[in-house]
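>>> got a predicted structure plus its sequence, pasted below:
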There are 2 protein chains.
Amino acid sequence: MSSSAASTQSTPTGPGPDEGLRARKRAATQAALEAAAISQASEHGYHHVTVDMICEAAQVSQRTFFNYFATKEAAFLGASPPIPSEGAVKRFITGNGGSVLAELVLMIESAIVASEPDRDVLRARRTLIENTPELFSSEIIRLAELEDRLAGIVLQRFEARGRTEATTPDILDEAHMVVGLAVSILRFAMRKASESDYSADPRAILRHAIGLVERITGVNPFTTDAREPRRD
Amino acid sequence: MSSSAASTQSTPTGPGPDEGLRARKRAATQAALEAAAISQASEHGYHHVTVDMICEAAQVSQRTFFNYFATKEAAFLGASPPIPSEGAVKRFITGNGGSVLAELVLMIESAIVASEPDRDVLRARRTLIENTPELFSSEIIRLAELEDRLAGIVLQRFEARGRTEATTPDILDEAHMVVGLAVSILRFAMRKASESDYSADPRAILRHAIGLVERITGVNPFTTDAREPRRD
DNA sequence: AATAAATTTACAGTAGCTGCACATTCACGG
DNA sequence: CCGTGAATGTGCAGCTACTGTAAATTTATT
């Protein structure tokens, strides 16, 4: 389940130019299907795209489509969910001096970007997702499905800092909440990014989002609302 | 769209014992369908329940089912989404001295509880939702669909406190983020509640969740991780 | 080239969901 | 009480997503 690691390359996405003809063909039809899906959507509008249309455009049978994607939506979202690479995870656990929240968010963002080597496809896909509530929902669900895994990673980071159940009884809860907050921030950031038509710096948006969270919760949340922003 | 307010009663949910026979029948079949859905799920397991089964149990045609619910899942989730009552909204905007986050969360929680007068049904439903990823996802989506409306309400609260675009340029962003955080907290709380089999005090769980957020973001998120909890 | 394994495909079938036309039921004024 | 219109229930035909299965085609291995 977790094998299939690269042998010479480090890119987690690419099928590898070696790996044999079989793997290459497989990657090709998958890419063709994903591209066809997005293409058809931009041409006819998402709701008017049927699986059969995608199949015809990609020159495969409908049954083959469902051999690659569990659902129709998966073809639009991209098959590979944004799972951070092992290296990124290790770096996150060790830490770069930032806050859990900020670094978690950045790690996931990197994973999303890395999940699609083709910039144009990624961009078209994100635009489509952002403008299609149905797809946007699916995207959120996908992130939610990563939650347990991510919470485990956060927990490892905590433990690497000497925090355990002994020092913090509800540390697992805290880890889960960190992931939840990170997802909120990402949602916000993705929305913002699409609003600015992806011209704004993604990192800047993320910082802004994290700043908002700080502003909202910075003061004791049981006493008063946030006051004026201090800077920026 | 926003009319149909009560005439003598104040309960926002009940069809009213008056309102005419037509309304009563409608409410009855809807309740019957929702009850049948949950009942069938507890008997055969969610994934083995078909719309036809629900219809047979509720003694209506399939076509009628879809006159009441847009999707099959809606029957399990309950038709009425958790929209806070006008009074609750007004109270929230005015404020009771708590933080935005805490009060928002409490308001939504109240709306969820109020959306189903029957305690047993509510409980069975929540258990089912919590144990069915598919339904849980739908539930999240539903909350997300309220986001814009809720953000508007939060904005009103801000303005009632003298905060406007002038004092805080990104105040709309802040409102959206408040809603996002509230949803995170609710998700966490719902999960926790189902883990404890709904024996724990919901309010206590919410406080715990909010406390976690505070702990995580209390310190400048760009410098260090959260330190030891200060109390509790 | 022969065999095994992976991939593709056609075909049949289930289930969610919709439009439409028609029957039934309730509301309301005379 | 009756007739009329609006709301609601239902049957039916049809589209689309999705699945199981078995047979065909393609790639890998020896």
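Thanks, I have it.
>>> okay, now the closest residue to A:Leu106 other than its chain neighbours: neighbour count?
The shortest distance from A:Leu106 to any non-neighbouring residue, by C-beta to C-beta, 6 or more residues apart in numbering or on different chains, is to A:Leu206 (6.8 Å). In this view, the C-beta of every residue, glycine as well, is placed from N, C-alpha and C. If you count neighbours by other C-beta atoms under 10 Å in any protein chain shown, A:Leu206 ends up with 20.
>>> packing partners of the strand or helix carrying A:Leu206?
When elements are defined using DSSP states H and E, A:Leu206 is found to belong to helix A:202-217. Counting contacts by 3 or more C-beta pairs under 8 Å, 6 or more residues apart in numbering or on different chains; DSSP states H and E, helix A:202-217 is packed against helix A:100-114, helix A:171-195, helix B:100-114, helix B:171-195, helix B:202-217.
>>> ok so, going back, next, the contact list for the residue nearest to A:Leu106, please.
By C-beta atoms under 8 Å, 6 or more residues apart in numbering or on different chains, the residues touching A:Leu206 are A:102, A:105-106, A:109, A:185, A:189.
>>> from B:Ser80, how far off is it?
Taking C-beta to C-beta, to the nearest Å as the measure, A:Leu206 falls 36 Å from B:Ser80.
>>> check A:Glu214 too.
Counting by C-beta to C-beta - A:Glu214 and B:Ser80 are separated by 36 Å.
>>> neighbour count for the two, which is higher?
A:Glu214 (21 against 14).
>>> look at the more buried one and report its pLDDT.
At A:Glu214, the pLDDT value in this model is 86.
>>> per-domain residue ranges of chain A.
As assigned by automatic domain parsing, chain A contains the domains A:20-71, A:86-217.
>>> most tightly surrounded among those?
domain A:86-217 (a mean of 18; mean count of other C-beta atoms under 10 Å in any protein chain shown).
>>> what about it, near DNA strand C?
No: shown here: domain A:86-217 not in contact with DNA strand C (C-beta under 7 Å from any atom of the strand), separated by at least 11.3 Å.
>>> all the helices of chain A, residue numbers only.
Counting by DSSP state H, one finds helices in chain A at the ranges A:20-44, A:51-58, A:62-68, A:72-77, A:86-94, A:100-114, A:119-130, A:133-145, A:147-160, A:171-195, A:202-217.
>>> between the contacts of A:Leu206, which sits nearest A:Lys25?
Closest approach to A:Lys25 among those (C-beta to C-beta): A:Glu109, at 31.3 Å.
>>> now that closest one: how far from B:Ala144?
Taken as C-beta to C-beta, the span from A:Glu109 to B:Ala144 is 20 Å.
>>> cool, and A:Ser42?
Counting by C-beta to C-beta - A:Ser42 and B:Ala144 are separated by 24 Å.
>>> contact residues of chain A facing DNA strand D?
Near DNA strand D, when you scan chain A using C-beta under 7 Å from any atom of the strand, you find A:20-23, A:25, A:49-52, A:62-63, A:66, A:70-73.
>>> and of these, the nearest to DNA strand C?
A:Arg63 (3.6 Å; C-beta to the nearest atom of the strand).
>>> pLDDT weak spots in chain A?
Applying pLDDT under 70 to chain A flags residues A:1-18, A:218-232.
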